[in-house]
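Trainee: For reference, the sequence and a predicted model appear below.
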Amino acid sequence: MTETTEAVSVRTHRATPQRRGPSATGAGPRTGGGRGRLLRRATPWLFLVAPLALLITFTYVPVGNMLYYSFTDWDGISPDRNFTGVDNYVQIFTRPELFRVFFVSFYYLAASAFQIVIALYFATVLSFDLRFRNLFKGLLFFPYLINGVAIGFVFLYFFQDGGTLDTVLSWFGQDPDHAWLGDPESANTSLAGVSVWRYTGLNFVLFLGAIQSIPGELYEAAQLDGATKWDQFRHIIAPSIRPVLSLSVILAVSGSLAVFEIPWIMTGGATGTSTFVIQTVKLAFQFNKTGLASAAAVVLLLIVLLITWIQRRLVPDEKVDLV
Amino acid sequence: MTTAQRTAPVKTAGRSRPLPGPRRVRLRGRIGQTLVYVSLVVASLVVILPLAVVFLTSLKTSAEAADGGALSLPGDWLNFDNYATAFSEGRMLTAFGNTLFILLFSITGTVLIGSMTAYAVDRFHFRARKLVMALFLVATLVPGVTTQVATFQVVNGFGLFDTRWAPILLYMGTDIVSIYIFLQFIRGIPVSLDEAARLDGANSFTIYRKIILPLLKPAIATVVIIKGITVYNDFYIPFLYMPSQDLGTVSTALFRFKGPFGAHWENISAGAVLVIVPTLIAFLFLQRYIYNGFAQGATK
């Protein structure tokens, strides 16, 4: 995991000459006695006790338990749990109503592709000198900082019958009566739209940071050579933001699979908007099917790990140009 | 919002200086420039419109909200009744109190834990160092939402379910991003400083407390901002772990508006605005730190 922005890698790089050989590390008290040596060896662990305890308790123990639960029919409460082998996994992949939620992810996946493109456009545009540059920058980024529940309510009102969206559309002579959250297709499209509204700002700021770490002389030189803005984008900007771009793609894919907040707040998963995480939460905490929910969570975890692994291997050189 | 934003400088160490625009503006360039502004204005409207409508609604009486169109203006611009209702009946005061409590402890904890881990890993070369780093690295790959079913049992086992300590521990224990931010900064602090202090007889804890922590201030600012926004906005963890009415955070208290206020959009809108305003104020005052923080935090 050495994906760093230009800025960060510059800083680390600069720091390297100051780093020392292994000798300086154990430069503890030179008492030499057995007690001193013991203390010196224990020192890093004294700093690490709390962090490691928390890490193991709240990440590794749950992952281990989850694997174990996924092979049982446990309901989360009763003391007895029966080992059922891979039955839970078979259910997930054979019961269509359980598997269907995966298709909802495609709406969010398409939305994130759109989101990355517009974020890239605005980051490029706003990295050049423009009037009200900082104002636009702030406006585009701000939605990312807003509370998810508040966003949910804002857009529930926005998509209401005869609400904001209908009103605005009627200005353009469109039929203003549409139940946006009423049928699965438009409901999922609407929710994915909300996710674009919410997250474009983050991608935008990441891209902007990467673009601005490009030294200005490069553009000046390019302009002297008569390069157009598009040339500058293709040959200077695009290559230098590759790491951030590939990171965004990974986040977009794993994020699309793990959508929870917005659909849960806005529709509660009704009218076909249930996502994988909503279904898992319902299975575990409403229907007390901890075993089945754990299996679902393991499947999601494996998919995310797989995607991350594939992208780490593929993205660095090839895929980036397409976005 | 506009003036404050424009005047706040967003320059940082000369890095974010605007790139030079073209000197010769050809006709094609001018049309392009106009299109760019049009796109920016459209995007700004898309951002502002839904928020503005909710703000307008929050100032309407229930009759106005029920009858008028979404974009109609409130009759009385100073009608704050809905805010009063949201505040008292929506238990927003308790919610802000709980959120503040959780924020204080989880941010302090995250800063201490993150900086201690980074210090131990960067300044000591002990045998299991690689293993410790690997443990933290692998944990970044596990999305939090997937493990909640099992994490829930762990929290429950400690008897922490439905207490404010459950989210605090979860926020402290699973934040790997902050460890990376601290690690990046600590590498930039010259080791010669540590060594000089050691010659003066300081032990590791004194060095950590008196030298490393003060020098980490920029990193601490970044972590506090990122963590603060994440915790303030988080819905999932308080929703799962603190179902009691009295333990609502701003997110869960607002979510509960759905029930009692039903279709009373003027009250719901007031609640939403109440939750958004602190974020807006923080953003206006801390703009450049927030941008930098997210650029560093998200890319680790």
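Mentor: Received it, and whenever you're ready, just let me know what you need.

Trainee: gap between the most centrally placed residue in chain A and chain B?
Mentor: In chain A, the centroid-proximal residue (CA atoms, centre = their mean) is A:Leu251; its distance is 3.7 Å. Distance from A:Leu251 to chain B, counting by CB to the nearest CB, to the nearest Å: 8 Å. C-betas here are computed from N, CA, C, even on glycine.

Trainee: which other helices and strands contact the lengthiest helix in chain A?
Mentor: Criterion DSSP state H: the longest helix present in chain A is helix A:184-212. Applying 3 or more CB pairs under 8 Å, 6 or more residues apart in numbering or on different chains; DSSP states H and E, we find helix A:184-212 packed against helix A:101-127, helix A:133-141, helix A:148-158, helix A:242-257, helix A:261-266, helix B:27-58, helix B:265-299.

Trainee: Can you give me the neighbour number for whichever residue of the stretch 201-323 of chain A sits closest to chain B?
Mentor: In the stretch 201-323 of chain A, the residue that lies nearest chain B is A:Gly209 (3.5 Å; CB to the nearest CB). Residues near A:Gly209, counting by other CB atoms under 10 Å in any protein chain shown, number 27.

Trainee: What separation do you get for it and B:Ser39?
Mentor: Look at A:Gly209 and B:Ser39: by CB to CB, to the nearest Å, they are 21 Å apart.

Trainee: Repeat that for A:Phe128.
Mentor: 13 Å.

Trainee: How much space separates the residue nearest to A:Ser240 when sequence neighbours are not counted from B:Ala65?
Mentor: With sequence-adjacent residues excluded and distances taken as CB to CB, 6 or more residues apart in numbering or on different chains, A:Ser240 is closest to A:Ile214, at 5.2 Å. Look at A:Ile214 and B:Ala65: by CB to CB, they are 49 Å apart.

Trainee: Of the two, give the one with the bigger neighbour count.
Mentor: B:Ala65 (24 against 19).

Trainee: Now do the same for that one: helix, strand or coil?
Mentor: Per DSSP: H, G, I helix; E, B strand; the rest coil, the local secondary structure of B:Ala65 is helix.

Trainee: distance of it from B:Ala202?
Mentor: 64 Å.

Trainee: Now B:Asp194: closest residue in space that isn't a chain neighbour?
Mentor: B:Ile207 (5.4 Å).

Trainee: helix or strand for that neighbour, which one?
Mentor: helix B:204-207 (DSSP states H and E).

Trainee: Please identify the buried residues of that helix?
Mentor: The neighbour-count check on helix B:204-207 (16 or more other CB atoms under 10 Å in any protein chain shown) flags B:Ser204, B:Ile207 as buried.

Trainee: by contact count, what packs against it?
Mentor: Using 3+ CB pairs under 8 Å, 6+ apart as the test, helix B:204-207 ends up in contact with helix A:34-55, helix B:191-199.

Trainee: quick revisit: in this structure the residue nearest to A:Ser240 contacts A:His235, no?
Mentor: No: if you go by CB atoms under 8 Å, A:Ile214 and A:His235 don't touch, sitting 11.3 Å apart.

Trainee: From B:Phe124, how far out is the residue in the stretch 51-200 of chain A positioned nearest to chain B?
Mentor: Nearest residue of the stretch 51-200 of chain A to chain B (CB to the nearest CB) works out as A:Leu54 at 3.1 Å. In this view, A:Leu54 and B:Phe124 are 20 Å apart by CB to CB.
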